[in-house]
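Undergrad: structural data only, the sequence is not supplied:
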């Protein structure tokens, strides 16, 4: 899969320009707002919020260009214990839903000034910005005859008065509280934080001036940003001078100024969570991704997962896991009884330039920290099942079992990561040909047990060279832009000696398990570069350039740089023996479409420098005379080129 000749590499791959990394906008992980499967019950219990995108505000997540950090240094929280948290959003046809989990050493104060309180702020609009990762035009707040509409919400609570308020700015400038627009809160048992949950009825916030609706259209990408505020005892009287806060806004901008360069972007997803679970546990409601670690925000493996903002939340909850999961169906006595027994979120990130894969987990467990004496995989542990080949647009990878292919370089691996608190020990066990515990200077993990002993964090890294195949020398490498087979499991053991008592949750449908190898039990993950907030920070720091037809930043001018075509895909993929290649040309001109093998040898020519008019084309390609394997189709037009991998399976 990665054995190209130097000629082909120059033809189809981006390089580094003038010290900057060129990043395709389509490879940036953008925050998303998914549709709720059913109306959310607003009770302060976030058991319906699995897989919602984490909008994290903390000292390790807010970039140095943040408004509060640079412009208002005195208003930055002292540390994460002073105030930090995560905001979530969902929607349906009736309402916008929001939630937040906020660490705060003195929760529940409200200032004489409405916005300077213990509150979150949401700045949201309804118009589509296309492929941009953030708005570039300073449009300000809109409420026009075209239907464009934006609004700012401040959502606060006062513990002493047991009251909440959703204040709508813009066309309203007042508190909105109706039977369908309201919020609730819960203070954490030890008083060091709180949970918010609320809903805003679309009808309640229709513009009184134009009748515009705030409700966004599914499939759109809208300008959005967020802030988080904190008022402590003594600060609430006499104004807002002593508020602390975090904001997702760069130097010189603030959310209240209106949509513009200070805003981010959010994708509005249409398919509710859960609708496709019973169909082989697909992920049709949201596309899982593994993002890259930003070069200016490295991971420190210490059991503190505060750097894991914006990573995809792979949730393993009893309350949200589908009935098609392997453990409930095949091994009914091995499913945890309730969420407090075992409930967790697993994360994966990658650092392709330095050949690392990072993993983390936040797990609620009433007896944390056991490893079995009997079997290496049983314990308080997470498991990762990973592969490195691109499956294109598929939602279920082809059935291949475990793969270690010397011809293509395709390689897959299973890992078990666990810890034993009593022994203060950790382990990373690699299966599939290695079958041993791996612990080196580059492959290790750390853990921390929660203060009240009802859960834990684990965090670790895997050096790809430590798991090089002993049979072929293959490495488990990912390329940004690929979609790779991947799935996850979470295990629990409440004793070290009786292995029959283990419990677990797996992302696998009935009849399949991750350890069986690549098959219908697997899901997938898209391999991304950075999150949009990190990318914006890197752009302003001069470290990356976004390459997009309409995007932020200046495209790099480099010979051989790929610029994505509007459309370039094939179906089916994998195929046997023929597939249809579809592409769109924005410009008329000389066009070539050629297919290469993994050695860089030309095996088939569809077009050879032929003049084609702008438009969409579909060509059927019969490869019945070729061997199974990976092939690369290369499209060139008007000085631009793009490449796509295709898999022939006979």
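TA: Received, thanks. Everything numeric in this text was worked out from a predicted model, so none of it was measured.
Undergrad: centre of the chain to the lengthiest helix in the chain, how far?
TA: When the chain is scanned for its longest helix (criterion: DSSP state H), the result is helix 532-541. Taking the mean of its C-alpha atoms, helix 532-541 sits 16 Å from the chain's own mean (Cα atoms, centre = their mean, to the nearest Å).
Undergrad: cool, and stretch 153-162?
TA: Once both centres are worked out by Cα atoms, centre = their mean, stretch 153-162 turns out to sit 30 Å from its chain's centre.
Undergrad: and that stretch, average pLDDT?
TA: With pLDDT averaged residue by residue, stretch 153-162 scores 95.
Undergrad: what does stretch 118-127 give?
TA: 96.
Undergrad: what does stretch 635-648 give?
TA: In this model, stretch 635-648 has an average pLDDT of 78.
Undergrad: can you list the buried residues in it?
TA: By neighbour count, with 16 or more other Cβ atoms under 10 Å as the criterion, the buried positions of stretch 635-648 are 635, 636, 637, 640, 641, 642, 643, 644, 645, 646, 647, 648. Using the backbone N, CA and C atoms, a C-beta is placed for each residue, glycine as well.
Undergrad: over to stretch 376-395?
TA: Counting neighbours by 16+ other Cβ under 10 Å, one finds that the buried residues in stretch 376-395 are 376-392, 394-395.
Undergrad: just stretch 80-88 next, same as before
TA: Neighbour counts over stretch 80-88 (16+ other Cβ under 10 Å) mark 80, 82, 83, 84, 85, 86, 87, 88 as buried.
Undergrad: residues touching the fourth one, list them.
TA: Same thing as residue 84. Contacts were defined as Cβ atoms under 8 Å, 6 or more residues apart in numbering; by that measure residue 84 touches 56, 57, 58, 59, 77, 102, 103, 246, 306.
Undergrad: off-centre distance for the helix or strand containing residue 84?
TA: Take DSSP states H and E as the rule and residue 84 turns out to sit in strand 83-91. Taking the mean C-alpha point of strand 83-91 and that of its whole chain, the gap between them comes to 14 Å (Cα atoms, centre = their mean).
Undergrad: parallel or antiparallel, which strands does it pair with?
TA: Sheet partners assigned to strand 83-91 using DSSP bridges are listed as strand 32-35 (parallel), strand 55-57 (antiparallel), strand 95-104 (antiparallel).
Undergrad: what's the nearest residue to residue 63 if we skip its chain neighbours?
TA: Once its chain neighbours are removed from consideration, residue 63 has its nearest residue in residue 537; the separation is 3.7 Å (Cβ to Cβ, 6 or more residues apart in numbering).
Undergrad: how does this protein divide up, domain by domain?
TA: Per automatic domain parsing, the structural domains of the chain span 26-268, 295-527, 566-650.
Undergrad: how about the nearest residue to residue 313 once chain neighbours are set aside, what does it touch?
TA: Counting by Cβ to Cβ, 6+ apart, residue 345 is the residue found nearest to residue 313 once chain neighbours are left out, at 4.9 Å. Residue 345 sits next to 313, 314, 315, 316, 361, 362, 363 when contact means Cβ under 8 Å, 6+ apart.
Undergrad: going by neighbour count, which of the residues you listed comes out on top?
TA: When the contacts of residue 345 are compared by neighbour count (other Cβ atoms under 10 Å), residue 316 ends up highest, at 27 neighbours.
Undergrad: thinking that residue is in contact with residue 488, fair?
TA: Yes. With the criterion set as Cβ atoms under 8 Å, residue 316 and residue 488 qualify as a contacting pair; they are 7.3 Å apart.
Undergrad: okay, and the common contacts of those two?
TA: The contact lists of residue 316 and residue 488 share 346, 506, 507, where a contact means Cβ under 8 Å, 6+ apart.
Undergrad: distance to residue 133 for those residues - can I get that in TSV?
TA: Converted to TSV, these look like this (distance: Cβ to Cβ, whole Å):
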residue	distance to residue 133
346	26
506	34
507	28
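Undergrad: just the buried residues of these.
TA: By neighbour count, with 16+ other Cβ under 10 Å, these hold 346, 506, 507 as buried.
Undergrad: so which of those residues belong to helices?
TA: When DSSP H is applied, these are split such that none fall in helices.
Undergrad: for the record, mean pLDDT for the strand or helix carrying residue 414?
TA: Under the assignment given by DSSP H and E, the secondary-structure element containing residue 414 is strand 412-420. Averaging the model's pLDDT scores along strand 412-420 yields 96.
Undergrad: so what strands line up beside it?
TA: strand 381-387 (antiparallel), strand 425-430 (antiparallel).
Undergrad: could you point out which of these sits nearest residue 161?
TA: Closest to residue 161 of the strands paired with strand 412-420 is strand 381-387 (Cβ to Cβ; 42.6 Å).
Undergrad: mind listing residues that contact the closest one?
TA: Strand 381-387 is touched from outside by 344, 346, 348, 357, 359, 361, 363, 371, 377, 397, 403, 410-419, 458, 476, 484-491, 514-515, 518, 522, with contacts defined as Cβ under 8 Å, 6+ apart.
Undergrad: next one: stretch 388-397
TA: Residues beyond stretch 388-397 that count as contacts (Cβ under 8 Å, 6+ apart) turn out to be 1, 280, 282-284, 387, 398, 403, 408-412, 475-479, 482-485, 518-520, 522, 524, 569-571, 573-574, 630, 644-647.
Undergrad: ranges for the strands of the stretch 501-650 of the chain?
TA: In the stretch 501-650 of the chain, the strands defined using DSSP state E, counting those that start in this stretch lie at 503-506, 523-527, 544-547, 567-571, 578-585, 589-597, 602-612, 615-622, 629-637, 640-648.
Undergrad: same check, this time on the stretch 101-250 of the chain
TA: Taking DSSP E, counting those that start in this stretch as the criterion, the stretch 101-250 of the chain carries its strands at 119-125, 150-158, 163-168, 174-175, 182-187, 193-201, 221-230, 244-247.
Undergrad: out of those, which is closest to residue 138?
TA: Comparison of the strands of the stretch 101-250 of the chain against residue 138 by Cβ to Cβ identifies strand 221-230 as nearest, at 11.1 Å.
Undergrad: any idea what the residue nearest to residue 259 when sequence neighbours are not counted is bridged to?
TA: The spatial neighbour of residue 259 that comes closest, neighbours along the chain excluded (Cβ to Cβ, 6+ apart), is residue 223 at 4.2 Å. Beta-bridge partners of residue 223, counted by DSSP bridges, are residue 265.
Undergrad: where does residue 223 land on pLDDT?
TA: 95.
Undergrad: determine the three-state secondary structure at residue 395.
TA: State at residue 395, reduced to three classes by DSSP: H, G, I helix; E, B strand; the rest coil: coil.
Undergrad: among the strands of the stretch 101-250 of the chain, which is nearest residue 468?
TA: Going by Cβ to Cβ, the one of these nearest residue 468 is strand 221-230, 39.8 Å.
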